[in-house]
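Peer 1: Whatever this is, show me its structure:
(chains A and B, ligands or ions: 2)
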Amino acid sequence: MTHNSTMNLPLVQFLMENDAELLKVPLSGHLRDIYSIYLIQMENNHIEPPTHEQLISFEEFVNDLKFISEVAPGSLSFKRENPLLSQVDELLEYIDVFPLKTLYELYTKRQESSNDQVQQNSNKKKEQVGNTSTLERLINILDFEKSMTTVHSSNNQQHKILSNQLNKILETEPASYELARQRAKEITPVIEYISTCRDHQHSSILASTVYIVNNKIVSMQWSKLSKYEIENPQFMACLKSKIHYVPNLKPQTDLTLGDCSYLDTCHKLGSCRYLHYLQYIPEFLTDEVTRETHAKNIKIKSESLKIPFYTHGNCSSLVIKEQAPPQWIRCDVRKFDFNIIGKFSVVIADPAWNIHMNLPYGTCNDIELLQLPLNHLQDEGILFLWVTGRAIELGKESLANWGYKVINELSWIKTNQLGRTIVTGRTGHWLNHSKEHLLLGVKGDPQWINKHIDIDLIVSTTRETSRKPDELYGIIERLVGPHARKLEIFGRDHNIRPGWLTIGNQLSGTCIHEMDVKRKYDKFIASNKNPNKWHKKDMNGIKSGNQKKFQSQISTF
Amino acid sequence: MIESETTYKVRDSENTKHVSFKPTKEFHTNDYSNRYIQTGSLPQKHVTNIENSVEGYPKLQKLFQEKEKQVSQYASTPFGCKVDIDEMVPTLNRWIQRDNLSFDVVMVGCLTDNQFIYPLLTQLPLDKLVSKPGFLFIWASSQKINELSKLLNNEIWAKKFRRSEELVFVPIDKESPFYPGLDQDDSTLLEKMQWHCWMCITGTVRRSTDGHLIHCNVDTDLQIETQNTRNGAVPSHLYKVAENFSTATRRLHIIPARTGWETPVRLRPGWVIMSPDVMLDNFSPNRYKNEISNIGTNIPLKNEIEALRPKSPIQKAV
Ligand SMILES: [Zn+2]
Ligand SMILES: [Zn+2]
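Peer 2: Ligands and ions are numbered 1, 2, ... in the order given. Below is the predicted model of the structure:
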C-alpha cells in the first residue's frame, strides 16, 4: 500500500457511523453537503481536535472518498446527477459498511501495533470513562451543551449536530433588524436620563439629613452628610449622580404600615399615615444632564446630515425635512367622516371602553366602536389599539373586521413613583392589574416598516386616569419614520404633537395645516345640517384658559 | 416657606469646592424605551420590585408568607406523569373514566412556542377534567393565544369557560431561558419579550362571597422573571399565581411540548405534572385520591389570611 499516508481514517469512521443518514433526505448523498457535515463534525470533535490534515478541501475530500472506494472495492458507489457535469457533482449512491469496517480495523490494528502512544492514550480514555460516577454520568447527560459537542459513537449524532445548526440558523436574525437598530441608535434624539439609586441605606441616611417643609426638600444638614460619607464612601458620589427617593416623614407617619399605595399621587398627604417619598435630584445634576443631552442631540443632528447608506423605510432627506406641525380636529368620532382626513401609515386608537363606566369623559359604546369605519384609514399600515381587560377580545374582533391582522401585543408595565409595578388597590376583578395591552394590527404587507428595533414592552409611570405613556410615540417614529402620516383617534390635548393629526371630542378646537384636508373638512362642516349641535354640548367641558390659548388656531368655530 | 440656599452647600471632599445640593424642582421621569435604543438596557430591568413584588407593603408581604405556608401545608406529594404527547389524551381519558379523577386547577402549556395545545384542547373532555367551579390557565406565546381565541371564543367553549384575566410573564433579558427568541417570529414588528396566559373560570364563583374558594387581588396579572427561576422549564411564578388565587388542592399541569433535556420539568408539591420530559414518573391515581381525601379538596379558611387579604367592600343588604 503506497497510499498509506493519505488514507483518511476519520472519514472512514464517519461513513461507517452515518451511512444511512448521509443517503437519506435531506443530504441525499450530495457530496458537497456530506463534506460540510463532515467538517462540522471534525470541528465539534473535542476529544480529538482536528489535525491539519483532517481539515481538507472539498477536492481532497472527494479524492479521499475515491481512494477509500478503490482500497475497499464495493464500499462506496457513486452516481452522476447530471452526466454533463464534472465529477464534483456526483452523488454518493450507496455505502456498504462491511468492507469499510474491515478496512478500518485493518488500519487501526496496524497503527496500534506501530504506535504505542496511541495505545496508551486510548487506554487512558477508557479508564476515565470507567471511573466516572453515576452522578457525573447523569449530569453529563443533562448537560446539553456538552453533549452537543461530544461525539459519541452512537448513530444519532448527526441529528444532534443538525439540530444544533438548525437552531443557530433560526436564532440568527435578519441583517435588516440589526441595521435598523444601529441606525435608530445613530439618529434617535437622546432623552434626558438619570439612573435611580437602589441602595435603601442611602434613602434612610437622607431621611435623617433633609429638612422638609410643605412636602418639599428645603435644606440638608451637610455636617451629617459629611459624617455619613466617612462611613459610606460611595454615598456622596451616588447622591451626585443618581435619583434618590427620600422618605417624607410626617408626625402622623406610621412606619409599620409601610408605603402608601398612592405615593406621590396621594390626595391626603396631610393625614395619610402611610409612608410617602420625595424625589431628590441635585439641581446641578439635572442641569448637567440637560447640557450633555443637548450637546449629544446637536451632534446627532449634525452627523446625520450625511445621508446614511441604510435608508430603508425612511425618506432619504430625513434630517433636513421638517416634521408636519401638530394638527387636531375636535369632533365626535362616531359621527365623523373619515374620508376627510385621507390615509395614514399609523393609527393609534384609545377608545374609552364601556367597561369603565365611571371615567370622567364620555365613553364610546363598544358596539359603536365596532361600527366605526376605521377600514377607510389605511391601505396598508399599522393600527395600535389600546384595550383593557375584557375588551381585549372585542378589540381583536374589531381589528379583524377592519381588515387587520393582530401581529403583536405590546404590554405597558405600569409603575409608580418608586419604579415599582402596581400591586395594590384591587385594580382588577380577579387579579390586580399591573399592565395594559396595546394590540398591533397590520393591514396589507407594508415593506417600509423598520421591524424589531424596539421590544413589545413599555415600562412607564402612570399619570392621569387613562393617559397612555409617551414612549409609544418614540417606538412608532422608529417603526415608520418621523415623516409618515400619523393619526390618533380619541386623543386629548396632551396627545397633540408634531407629525400627528389628533381627533377626539375633548380637544380644544381644531387646527389643520394640510390644505386638502382643510378644504374637505370645511365642506363637511358646511354640508352638515346641524354642525354645532355637538360642539355646543362639548364646549362645557373646556376650560376657558385652554379655549383662549387655542383660539387663534380654531378655524371653524 | 423657608428657603436658605446656603445650607445646601456641602464641602466636596474631592476638590474642596462648594457644591450646591439644592434640589431640582421638577419631577424627573426616565424614558426606558429611549434608553434601550441608546444603550441596549432592557426596560423591564428598571422595574424596582422584581425580586420582591410586594416590597414596601408589610401587610401584603405577611399575606404572601402566610399563603405560602398554608399552601405547602396542604400540598399533595409532588407527582410526575411522564407520557408522550400522543398518549396524553388517552391517559387523561383513563383518569376521568376509570379513576374518576378531576381537578380544580388545570394549567396547560409552558413558556415555549412548540406546543400542541390546540389538539389537546379539542380532543380532551375538559369539562369533565376540570371540576366546577374550576380554573383553567393556558400559557403560550401571545400569537398562539391569539390563534386559540377562535376556539375559545366559540359559543360552546365560551359558555363553559369564561375568560377572566390575561396574564403576562416577562423574561428579564435575552439570555434568559424564557426569552422567546425569533422562533415563529417572522412577521412581528416588535421583538417579543413576553408570554401570555389565558385564565378561564368554569362554574360560578363570586369574589365577594366565595372566599373559601378564591382569594382575589392577591397576585397581579404580570410576572417578571426573578433571579433563581432559571433551573427548569417552568418558572415557579406560573404555579404561584394559581396557588394564590384558588384554595383548591387538586392541581394538574399538562405540558404538551418537548422541553428538552437542558430545561428539565421539575416536580412541585401540590401539583400533578404531566409532561414527556418530567423528571419523575410516580403518579398513581389511587394514591393521589387517598392523599386528597386526607388533605381535603380545599385549603381551609385561616383567620390570619382572612384579616390580611384584599376583599371586596362589604355590601349591605338593601
Ligand atoms: Zn444612592
Ligand atoms: Zn397616602
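Peer 1: Where in chain A is the helix or strand with the lowest mean pLDDT?
Peer 2: Across the helices and strands of chain A, the lowest-confidence element by mean pLDDT, DSSP states H and E is helix A:544-551, at a mean of 37.
Peer 1: Relative to A:Ile161, how far out is A:Glu21?
Peer 2: Separation of A:Glu21 from A:Ile161 (Cβ to Cβ, to the nearest Å): 10 Å. (Glycine included, C-beta is placed from N, CA and C.)
Peer 1: longest strand anywhere in chain A?
Peer 2: As assigned by DSSP state E, the longest strand anywhere in chain A is strand A:405-415.
Peer 1: Which neighbouring elements make contact with that one?
Peer 2: Secondary-structure packing of strand A:405-415 (3 or more Cβ pairs under 8 Å, 6 or more residues apart in numbering or on different chains; DSSP states H and E): helix A:391-401, strand A:435-443, strand A:457-461, helix B:142-152, strand B:162-170, strand B:222-224.
Peer 1: That strand: which residues count as buried?
Peer 2: When neighbours are counted by 16 or more other Cβ atoms under 10 Å in any protein chain shown, the buried residues of strand A:405-415 are found to be A:Val406, A:Ile407, A:Asn408, A:Glu409, A:Leu410, A:Ser411, A:Trp412, A:Ile413, A:Lys414, A:Thr415.
Peer 1: would you say A:Gln13 is within a strand?
Peer 2: No: with the criterion set as DSSP: H, G, I helix; E, B strand; the rest coil, the secondary structure at A:Gln13 is helix rather than a strand.
Peer 1: residues in contact with it?
Peer 2: For A:Gln13, the set of contacting residues under the criterion of Cβ atoms under 8 Å, 6 or more residues apart in numbering or on different chains consists of A:Tyr104.
Peer 1: May I have the secondary structure class of the residue most central in space within chain B?
Peer 2: With distances taken as Cα atoms, centre = their mean, B:Leu238 lies nearest the centre of chain B, 2.9 Å away. Going by three-state DSSP, the secondary structure assigned to B:Leu238 is helix.
Peer 1: I'd guessed it sits against B:Trp139; true?
Peer 2: Yes: with contact taken as Cβ atoms under 8 Å, B:Leu238 and B:Trp139 are classed as touching, separated by 6.3 Å.
Peer 1: who touches both of the two?
Peer 2: Taking Cβ under 8 Å, 6+ apart as the contact criterion, the residues that touch both B:Leu238 and B:Trp139 are B:Met107, B:Cys110, B:Leu111, B:Phe169, B:Cys197.
Peer 1: Residues of the stretch 51-200 of chain B that sit close to chain A?
Peer 2: The interface of the stretch 51-200 of chain B toward chain A, taken as Cβ under 8 Å from any Cβ of the partner chain, is made up of B:53-60, B:142, B:146, B:149, B:153, B:163-168, B:170, B:181-183, B:187-194, B:196, B:199.
Peer 1: Weed out the non-buried ones from these.
Peer 2: Among these, those classed as buried by 16+ other Cβ under 10 Å are B:53-57, B:59-60, B:142, B:146, B:149, B:163-168, B:170, B:181-182, B:188-194, B:196, B:199.
Peer 1: near ligand 1, which residues of the stretch 201-350 of chain A show up?
Peer 2: A:His202, A:Cys238 (Cβ under 5 Å from the ion).
Peer 1: for the stretch 201-350 of chain A, which spans come out with low pLDDT?
Peer 2: Flagging of the stretch 201-350 of chain A using pLDDT under 70 yields the residue ranges A:307.
Peer 1: can you map out the helices along it?
Peer 2: With DSSP state H, counting those that start in this stretch applied, the stretch 201-350 of chain A shows helices at A:222-231, A:235-241, A:283-303, listed in chain order.
Peer 1: Return the list of helices and strands in contact with the longest one.
Peer 2: In this case it means helix A:283-303. Partner elements for helix A:283-303 (3+ Cβ pairs under 8 Å, 6+ apart): helix A:175-187, helix A:235-241, strand B:18-20.
Peer 1: Residues touching the longest one, excluding its own?
Peer 2: With Cβ under 8 Å, 6+ apart as the contact definition, helix A:175-187 has outside contacts at A:300, A:303-304, A:308, A:310, A:312-314, A:318-319, A:450-453, A:478, B:37-38.
Peer 1: Filter the residues you listed down to the buried ones, ChimeraX style.
Peer 2: The ChimeraX selection below is limited to those of these classed as buried (16+ other Cβ under 10 Å):
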select /A:300,304,308,313,314,318,319,450,451,452,453,478 /B:37,38
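Peer 1: quick check: longest helix of chain B.
Peer 2: With DSSP state H applied, the helix covering the greatest number of residues in chain B is identified as helix B:58-73.
Peer 1: got the buried residues for that one?
Peer 2: Burial within helix B:58-73, assessed by neighbour count using 16+ other Cβ under 10 Å, is assigned to B:Lys59, B:Leu60, B:Gln61, B:Leu63, B:Phe64, B:Glu66, B:Lys67, B:Gln70, B:Val71.
Peer 1: which residues sit in contact with the second one?
Peer 2: When contacts are counted by Cβ under 8 Å, 6+ apart, B:Leu60 is found next to A:Val423, A:Thr424, B:Val54, B:Leu308.
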